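[1] just need the structure, nothing else, for what follows:
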Amino acid sequence: MQGLEATYHIESTPDQIGARAEALAIEQSIEMPPSAVRQPEVLREVLAQVVSIQEAEKGYYRVVLRFAGQTTAFETAGLLNVLFGNCALQEDVELVDLNLPSELLSAFAGPRFGIVGLRQLTQVHDRPLTCTALKPQGLSPTQLAELARTFALGGIDIVKDDHGLTNQPYAPFAERVPIIQKAIAEANAQTGGHTLYAPMLTGGPKTLLERLQTAKQAGVQVVLVAPMLLGLPAFAELVQDLKMAVLAHPAFAGHRIAPPLMLGKLFRLLGADATIFPNYGGRFAYSTETCMNLAQAARVPWGHLRPTLPVPAGGMTVERVEEMVGFYGTDSMLLIGGNLLAAGDSLLERTQAFVQKVAASVGKI
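    Numbers count the residues shown, from 1 in each chain. Sure, this is the predicted structure:
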């Protein structure tokens with residue numbers, strides 16, 4: 001049968017891996033003993049098949065299963081349940097990749113803006129984009145707005161909320177978003193720049209609608225969302241009709257799904273225009289191989305889906321700009337937060353140095 005192919009990394013032994021793979025195929029498709037199924041068409045059309053088993057390293061195997069596309073119901077929750085439903089509870093299994101047939105891929109629109117759209121919004125076409133975060137927690141809306149103004153005067157392309165900023169009493173969403181957006185707009189008017197503000201969007205369905213309305217009324221064009229905190233089906237539906245670009249944050253995404261698949265392919269499939277991830281050499285880093293695979297998954301041609309902008313982050317410094325531009329290329333966005341804020345009274349100068357160094361690094365690729 002043609003269908004969805006999923007690749008798993010399974011801990012097992014040579015004598016048990018065959019049975020383990022078959023058990024996984026059953027668990028993720030019909031979820032009952034095949035011998036108890038009385039309808040031959042179910043065994044023929046619904047029961048998942050083991051496509052291949054290869055040893056990955058001692059004690060671990062790379063197993064590819066093929067599922068009938070119709071079992072996903074062509075929707076986000078169904079797809080996730082087929083890929084990593086019950087087996088997410090089994091500690092010997094990691095989901096590492098997927099390959100979607102065209103009929104299933106066409107059910108997902110992917111990024112609405114993508115790399116090209118983000119470049120149009122920021123008016124940056126010949127270098128990596130720059131990004132920073134408003135922090136620390138505990139600042140008032142006025143204090144956050146002053147930081148945002150300085151970043152915008154320094155030429156940062158996207159100033160985002162720290163992902164921990166939601167609706168705290170010291171910085172309520174409805175109060176801080178208009179103030180910060182206004183401060184950035186004033187700085188843009190002063191410099192002729194195009195800095196964007198990305199507020200952190202959280203909450204259940206009712207709260208999301210309320211906060212989206214607040215952001216739209218303020219003139220926001222980009223939002224920061226943690227897809228796993230919202231829930232991936234809710235995230236996918238949110239993006240469908242959203243006329244704002246989406247910067248995806250990896251909070252709560254540390255499940256047994258390989259980062260290139262989760263943050264690169266799945267977030268892209270469900271509509272993220274840019275995806276943040278911990279860069280190698282940072283304070284909680286992925287390996288260089290994982291980072292490159294993630295960036296490639298976000299940008300490689302994939303059917304009708306627009307490419308997603310990779311955003312390496314997590315303790316990055318201005319001193320590493322040239323290295324990161326050389327590693328990721330121009331279709332990326334560098335996110336530096338704490339290293340800029342540590343400049344204190346020299347924040348504007350440090351921010352300007354960051355932006356200038358990114359531009360200068362392009363010619364050295």
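[2] report the central residue of the chain.
    When the chain is reduced to its mean C-alpha position, the nearest residue by CA atoms, centre = their mean turns out to be residue 275, at 3.4 Å.
[3] that residue is in contact with residue 265, isn't it?
    No. Taking contacts as CB atoms under 8 Å, residue 275 lies outside contact range of residue 265: 9.8 Å. In this view, the C-beta of every residue, glycine as well, is placed from N, C-alpha and C.
[4] common neighbours of these two, please.
    With contacts taken as CB atoms under 8 Å, 6 or more residues apart in numbering, residue 275 and residue 265 have residue 298 as neighbours in common.
[5] just give me the neighbour total for the residue nearest to residue 339 when sequence neighbours are not counted.
    Counting by CB to CB, 6 or more residues apart in numbering, residue 317 is the residue found nearest to residue 339 once chain neighbours are left out, at 4.4 Å. Residue 317 has 16 neighbours, counted by other CB atoms under 10 Å.
[6] ok, residue 317 to residue 363 distance?
    Computed as CB to CB, to the nearest Å, the residue 317 to residue 363 distance reads 21 Å.
[7] any chance you could list what contacts the strand or helix carrying residue 43?
    Element membership of residue 43, judged by DSSP states H and E, is helix 40-45. Applying CB under 8 Å, 6+ apart, the external contacts of helix 40-45 come out as 1, 30, 34, 37, 68.
[8] the residue nearest to residue 339 and residue 336 touch, don't they?
    Yes. Using CB under 8 Å, residue 317 is in contact with residue 336, at 6.8 Å.
[9] show the pLDDT at the residue nearest to the centre of the chain.
    Model confidence at residue 275, expressed as pLDDT, equals 98.
[10] surely it is in a strand?
    Yes. Secondary structure assignment (DSSP: H, G, I helix; E, B strand; the rest coil) places residue 275 inside a strand.
[11] OK, contacts around it?
    Residue 275 neighbours (CB under 8 Å, 6+ apart): 247-248, 250, 263-264, 267-268, 294, 298, 308-311.
[12] turn the residues you listed into TSV, columns for secondary structure and neighbour count.
    Converted to TSV, these look like this (DSSP: H, G, I helix; E, B strand; the rest coil; neighbours: other CB atoms under 10 Å):
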residue	secondary structure	neighbour count
247	strand	27
248	strand	30
250	coil	21
263	helix	31
264	helix	25
267	helix	32
268	helix	27
294	helix	26
298	helix	29
308	coil	31
309	strand	31
310	strand	28
311	strand	28
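[13] closest to residue 343 among those residues?
    Closest approach to residue 343 among the contacts of residue 275 (CB to CB): residue 311, at 21.4 Å.
[14] so who does the closest one touch?
    Contacts of residue 311 by CB under 8 Å, 6+ apart are 131, 247, 274, 275, 276, 277, 332, 333, 334, 335.
[15] tell me how far the fifth one lies from residue 103.
    Put plainly, it is residue 276. 31 Å.
[16] which of those two has more residues huddled nearby?
    Between residue 276 and residue 103, counted using other CB under 10 Å, residue 276 has the larger neighbour count: 27 against 13.
[17] can you pull the contacts of that one?
    247, 248, 249, 250, 263, 311, 313, 335.
[18] burial count for residue 109?
    15.
[19] so it sits against residue 237, correct?
    No. At 11.2 Å, residue 109 does not count as touching residue 237 under the criterion of CB under 8 Å.
[20] find residues that contact each of these two.
    Joint contacts of residue 109 and residue 237 (CB under 8 Å, 6+ apart) do not exist.
[21] which other helices and strands does the strand or helix carrying residue 189 contact?
    Here residue 189 sits within helix 173-191, counting by DSSP H and E. Judged by 3 or more CB pairs under 8 Å, 6 or more residues apart in numbering; DSSP states H and E, the packing partners of helix 173-191 are helix 141-153, strand 196-198, helix 205-218.
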